[in-house]
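1. quick one, what's the 3D model for this:
(chains A and B)
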2 protein chains.
Amino acid sequence: MTKVYDLDTPSVTIDLDRLEKNIKRVQEMVSAKGMKNRPHIKTHKIPDIAKMQLAAGASGLTCQKLSETEVFVDAGLTDDILITFDIVGEKKTEHLMRLADRVNKLTVVADNETVVRGLSEAGVRHGKDVPILIECDVGFGRNGVQSPEAALSLARLAMNLPRVKFEGVMAFPTVGEKAVSFLSGALELFKAEGIPVPVVSGGGTPALLSLGDFPMVTEHRPGTYVFNDVMMVHSGIATWDDCALTVRATVVSLPTGDRGIIDAGSKALTREQYYVKNFGKVVEYPGAVVNNMSEEHGMIDFSGSETRPKVGDVINIIPNHCCVCINMHDKVFGIRGEDVEIEWPVAARGKLT
Amino acid sequence: MTKVYDLDTPSVTIDLDRLEKNIKRVQEMVSAKGMKNRPHIKTHKIPDIAKMQLAAGASGLTCQKLSETEVFVDAGLTDDILITFDIVGEKKTEHLMRLADRVNKLTVVADNETVVRGLSEAGVRHGKDVPILIECDVGFGRNGVQSPEAALSLARLAMNLPRVKFEGVMAFPTVGEKAVSFLSGALELFKAEGIPVPVVSGGGTPALLSLGDFPMVTEHRPGTYVFNDVMMVHSGIATWDDCALTVRATVVSLPTGDRGIIDAGSKALTREQYYVKNFGKVVEYPGAVVNNMSEEHGMIDFSGSETRPKVGDVINIIPNHCCVCINMHDKVFGIRGEDVEIEWPVAARGKLT
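-> Got it, this is the predicted structure:
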């Protein structure tokens, strides 16, 4: 059996014990609140891991783009998928309808009239209903209608157009008071108008910490929890021991007493920083800081570390953001201890359309 | 013939007229100084474009990693390649030797004793000479020996070991007074010791502006000039009209009066910021700012723009850093006017080892 130290560098390893534990733990957290769990596959992009999530009790999957969805459908995951991205233009609505023919239930979101009308027209062209959720901007400042009233108005449009079926509302991330009041307000408004809202879809791994604030949520869409990363540890939802994904890299140079260079740069780890001014956590040298990167070079400041590696040593980096990190790699290696149990192609890597 | 507006989004287009002009212009700039031009293929990762560079007069190619080099060798580019990265460990030196069997001249760099010794041992194992350049840190704070004396010392080690052939020095980027004095100092030292230094390899596209400060440089390694990007325009080496690569994206939502959302996020454009607090230039809306991103969403602030797009419009983004942008895409489209003349696989995309 291939051993982890036989792998060329840089390469991504997934600790299978931690992966399995993460999947089980979060499924239990969501189920305990009486919510359905609809994990977002954008974190792993690997059909086998989606199958593990479904086997653990997930009620369906979340995908972000059509070409990404197609990879999972091709892998036989054809029961229940939600695409949380506005589908715009006839080229894309045609792609959606081809996928819808292969999935038992394929739901999409919409946050504006153009999208709702385009979905209706596609449904009419194909004689097929298109279930939709209205995306609400509950504080993140990305997509979404800006008020409960706007959600109601767009839902009414959907109800009045042929072939689109209003099924509920969707938000990301479901954290904070603004999100609570937006969703509560929208549900009151729909109730007052006598419009049923069967689905209230919430999202985010850090949002697992405040599921209790959102009793109106019927399903939750966590993604990052399968692997966790520096961001998740900083959010409080995971510890370093819950981080399943690391990038193995070789120390190729120690040009000064404190500076080390590894063969993993922004092409292996990405340039995600968020709230940490550091490009990842060095597992073996807790005092070290990945303080700069080029495409193929990671620069590590060892001044805060009592020990130093030598040229040729392999070290492990936990990335700041595992979802974007795995997207840089064609394959990852599932390990248990020193054994490489499985090599997974990152099947939906780079699926942008 | 496919038209550019038939392309799904997000997708990368290369303006072929601009690409050809960029290749010609920089070849002339380098040749005019009596230097050889050894373009770095990390910008495009496409063998056909390397062939255009060689046809325009380039004397060889630069690659960063072994697996990347292999793609170009497989495409028949087997004359003269320099790999500007420390090759560490027997797995990698064996890979290097397999490639060396297929290339007329394959040179590598080294900045420490472990690397030089590993290359010597590989050369001995295979009965094959390994030409090397000593990498010098002339101010960038990445790899490289830290002084002219250290360069001499490592060169002497190389000269005393079997099968490694000292051929000169290499630096990146060759800009600024520190770089001038480091390289001048090193060459004086080598001269005083009677050691010939046939190759002084400089690099960087912005460094093309100060080639005249580096008369000692024998070959220059520009990369980004083939496409250019926001960074290159800010450096003064290119204008917006020299930018050949854009990411086409669709406006999928306008949630507020000023906020627009496109279907290209960090997975299409990357999170490179450098000195511009903005993730790319919106060609059609010069006053707009790509002020935030998620993996699949680009958030654009249109408050500084007099006009607004509508949902469904396609816009073009010039990325901050084209080299990392193209690495996110499996293929790019070469266009002339509205015509898509060629579809190129990004053959060396994701080659990290």
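2. could you find the closest non-adjacent residue to residue A:204?
-> Nearest in space to residue A:204, with sequence neighbours left out and distances taken as C-beta to C-beta, 6 or more residues apart in numbering or on different chains, is residue A:173 at 3.2 Å. The C-beta positions use only the backbone N, C-alpha and C, and glycine is treated the same way.
3. that neighbour and chain B: what is the separation?
-> For residue A:173, the distance to chain B under the criterion C-beta to the nearest C-beta, to the nearest Å works out to 11 Å.
4. with residue A:321 instead?
-> Shown here: residue A:321 relative to chain B, a distance of 9 Å by C-beta to the nearest C-beta.
5. show me the contacts for that residue.
-> For residue A:321, the residues meeting the contact criterion (C-beta atoms under 8 Å, 6 or more residues apart in numbering or on different chains) are A:224, A:229-231, A:270, A:272, A:274.
6. quick one: low-confidence ranges for chain A?
-> Scanning chain A for pLDDT under 70 picks out A:274-276.
7. could you give the bridge partners of the closest residue to residue A:266 other than its chain neighbours?
-> What sits nearest to residue A:266 in space, not counting adjacent residues and going by C-beta to C-beta, 6+ apart, is residue A:293, at 4.7 Å. As for beta bridges, residue A:293 partners with residue A:298 under DSSP bridges.
8. which parts of the stretch 201-350 of chain A are strands?
-> A:219-221, A:245-253, A:259-262, A:280-282, A:289-293, A:298-301, A:314-319, A:331-336, A:339-345 (DSSP state E, counting those that start in this stretch).
9. CA atoms of the second one as PDB?
-> Only the C-alpha atoms of strand A:245-253 are listed here, as PDB (Å, rounded to 0.1, in the frame of the first residue of the first chain):
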ATOM      1  CA  LEU A 245      -7.400  18.400   4.900                       C
ATOM      2  CA  THR A 246      -3.700  19.400   4.700                       C
ATOM      3  CA  VAL A 247      -1.300  20.300   2.000                       C
ATOM      4  CA  ARG A 248       1.900  18.400   2.200                       C
ATOM      5  CA  ALA A 249       4.800  20.500   1.100                       C
ATOM      6  CA  THR A 250       8.600  20.100   1.000                       C
ATOM      7  CA  VAL A 251      11.000  22.600   2.500                       C
ATOM      8  CA  VAL A 252      13.200  23.500  -0.500                       C
ATOM      9  CA  SER A 253      15.300  26.300   1.000                       C
END
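10. burial of residue A:82, as a residue count?
-> The burial count assigned to residue A:82 is 25, neighbours taken as other C-beta atoms under 10 Å in any protein chain shown.
11. just say helix, strand or coil for it.
-> Using DSSP: H, G, I helix; E, B strand; the rest coil, the secondary structure recorded for residue A:82 is strand.
12. wait, it touches residue A:38, no?
-> Yes: using C-beta atoms under 8 Å as the test, residue A:82 is close enough to residue A:38 to be in contact (6.2 Å).
13. common neighbours of the two, please.
-> A shared contact of residue A:82 and residue A:38, defined by C-beta under 8 Å, 6+ apart, is any residue touching both; here these are A:60-62, A:201, A:221.
14. those residues: which two are farthest apart?
-> Taking C-beta to C-beta as the measure, these span a maximum distance of 12.4 Å, between A:61 and A:201.
15. near chain B, which of the contacts of residue A:321 show up?
-> When C-beta under 8 Å from any C-beta of the partner chain is applied, the members of those adjacent to chain B are A:270, A:272.
16. for ChimeraX, what selects the buried ones among the contacts of residue A:321?
-> Of those, the buried ones can be selected in ChimeraX as follows, counting by 16 or more other C-beta atoms under 10 Å in any protein chain shown:
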select /A:224,229,230,231,270,272
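17. next step: the contacts of residue A:321 restricted to helices.
-> Using DSSP state H, the members of the contacts of residue A:321 that fall within helices are A:230-231.
18. between the contacts of residue A:321, which sits nearest residue A:49?
-> Sorting the contacts of residue A:321 by distance to residue A:49 puts residue A:224 at the head of the list, at 12.6 Å, by C-beta to C-beta.
19. I'd say the closest one and residue A:325 touch.
-> No: applying C-beta under 8 Å as the test, residue A:224 and residue A:325 come out as separate, 10.9 Å apart.
20. now stretch A:153-162 - C-alpha only, CSV.
-> Listed next in CSV are the C-alpha coordinates belonging to stretch A:153-162 (Å, rounded to 0.1, in the frame of the first residue of the first chain):
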residue,chain,number,x,y,z
SER,A,153,-43.4,40.3,-4.5
LEU,A,154,-41.0,38.0,-6.3
ALA,A,155,-42.8,34.9,-5.0
ARG,A,156,-46.1,36.4,-6.3
LEU,A,157,-44.5,36.9,-9.7
ALA,A,158,-43.3,33.2,-9.6
MET,A,159,-46.8,32.1,-8.7
ASN,A,160,-48.3,34.0,-11.6
LEU,A,161,-45.9,32.6,-14.2
PRO,A,162,-46.3,29.2,-15.8
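21. buried residues of that stretch, list them for me.
-> For stretch A:153-162, burial by neighbour count (16+ other C-beta under 10 Å) applies to A:154-155, A:157-158, A:161.
22. stretch A:57-65 too?
-> Taking 16+ other C-beta under 10 Å as the basis for neighbour counts, the residues of stretch A:57-65 that come out buried are A:58-65.
23. contact partners for residue A:118?
-> By C-beta under 8 Å, 6+ apart, the residues touching residue A:118 are A:87-90, A:93.
24. what's the distance between it and residue A:110?
-> 9 Å (C-beta to C-beta, to the nearest Å).
25. residue A:73 contacts residue A:98, correct?
-> No: using C-beta under 8 Å, residue A:73 is not in contact with residue A:98; the gap is 9.6 Å.
26. okay, helices next: where are they in the stretch 101-250 of chain A?
-> Per DSSP state H, counting those that start in this stretch, the stretch 101-250 of chain A has helices spanning A:113-126, A:148-160, A:177-192, A:230-235. These are given in chain order.
27. let's have those helices in a markdown table, adding distance to residue A:241.
-> Below are the helices of the stretch 101-250 of chain A laid out as a markdown table (distance: least, C-beta to C-beta, whole Å):
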| stretch | distance to residue A:241 |
| --- | --- |
| helix A:113-126 | 42 |
| helix A:148-160 | 40 |
| helix A:177-192 | 30 |
| helix A:230-235 | 10 |
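28. closest one to residue B:243 among these?
-> helix A:113-126 (29.7 Å).
29. returning to what we had before: what touches both of residue A:61 and residue A:201?
-> Going by C-beta under 8 Å, 6+ apart, residues that sit against residue A:61 and also against residue A:201 are A:38, A:82.
30. give me every residue in the stretch 1-150 of chain A lying close to chain B.
-> Counting by C-beta under 8 Å from any C-beta, the residues of the stretch 1-150 of chain A that sit close to chain B are A:8-11, A:42, A:64-65, A:85-86, A:88-89, A:91-92, A:111-112, A:114-115, A:137, A:141-146.
31. any idea how far residue A:172 is from residue A:141?
-> Distance of residue A:141 to residue A:172, given as C-beta to C-beta: 11 Å.
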